[in-house]
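K.L.:
Give me a 3D structure for the following:
(one chain, ligands or ions: 2)
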Amino acid sequence: MLKVEHIGIAVASLADAVPLYEKLLNAPCYKTETVESEQVLTAFFRQGDTKIELLEATGPGSPIARFLEKKGAGMHHIAFEVDNIEAEMQRLAAAGFTLLQDKPKPGADNKLICFLHPKDTSGVLVELCQERR
Ligand SMILES: CC[C@@H](C(=O)O)C(=O)SCCNC(=O)CCNC(=O)[C@H](O)C(C)(C)COP(=O)(O)OP(=O)(O)OC[C@H]1O[C@@H](n2cnc3c(N)ncnc32)[C@H](O)[C@@H]1OP(=O)(O)O
Ligand SMILES: [Co+2]
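P.N.:
Ligands and ions are numbered 1, 2, ... in the order given. From the prediction side, this is the model:
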């Protein structure tokens, strides 16, 4: 793992959360992007060497909609940048972690991503991400 690439935060409304985080961080949102496969609309902020990713659900089948229903708004996942996502997936599977995908899939901000089940990671949803080359 190279670094914490981003922290994902589930929000009910980006229209409310973006101005709030702009005020909190004293920095502008530099990008919004919809990721259809996850049914999410994201908004990104740079924070030093890492990023904050706000996530709003765009449909009832979104993992964010389910999370908001069960737990309410708040920290949703931590994403680690890796150099070789397939090698890291193999290493983690061999170490006994449950991968939520067989293959990396496209994420936001030009990344390939894969999630680990929170039951194996002390209740924290972990995302691996690698820059798409
Ligand atoms: C924008 C794209 C991308 C990026 O590029 O950065 C993203 O970040 S997308 C983010 C949204 N996508 C995902 O979260 C995909 C991965 N998540 C999943 O596959 C599912 O959400 C899940 C983690 C497998 C849970 O789904 P499911 O089993 O259907 O939901 P339950 O509500 O029944 O939860 C089971 C169990 O897991 C706990 N849980 C769920 N979400 C989280 C979470 N974010 N953090 C910690 N724990 C979580 C949930 O509380 C249940 O626990 P128990 O109640 O103890 O059984
Ligand atoms: Co993420």
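K.L.:
make it CA atoms for all contacts and neighbour counts henceforth
P.N.:
OK.
K.L.:
So which elements touch the helix ranked longest in the chain?
P.N.:
Counting by DSSP state H, the longest helix found in the chain is helix 14-25. Using 3 or more CA pairs under 8 Å, 6 or more residues apart in numbering; DSSP states H and E as the contact criterion, the elements in contact with helix 14-25 are strand 40-47, strand 50-57.
K.L.:
can you redo those strands as CSV with distance to ligand 1, mean pLDDT and mean neighbour count?
P.N.:
Compiled in CSV, the helices and strands packed on helix 14-25 are given as follows (distance: least, CA to the nearest ligand atom, whole Å; pLDDT from 0 to 100; neighbours: other CA atoms under 10 Å):
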stretch, distance to ligand 1, mean pLDDT, mean neighbour count
strand 40-47, 6, 98, 20
strand 50-57, 7, 98, 23
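K.L.:
Mind putting those into a markdown table with distance to His76?
P.N.:
Converted to a markdown table, the helices and strands packed on helix 14-25 look like this (distance: least, CA to CA, whole Å):
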| stretch | distance to His76 |
| --- | --- |
| strand 40-47 | 13 |
| strand 50-57 | 9 |
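K.L.:
ok, and what's touching the helix or strand just after the longest helix of the chain?
P.N.:
Where DSSP states H and E defines the elements, the next helix or strand beyond helix 14-25 is strand 31-35. Contact partners of strand 31-35, identified using CA atoms under 8 Å, 6 or more residues apart in numbering, comprise Val40, Leu41, Thr42, Ala43, Phe44, Phe45, Gly107, Ala108, Asp109.
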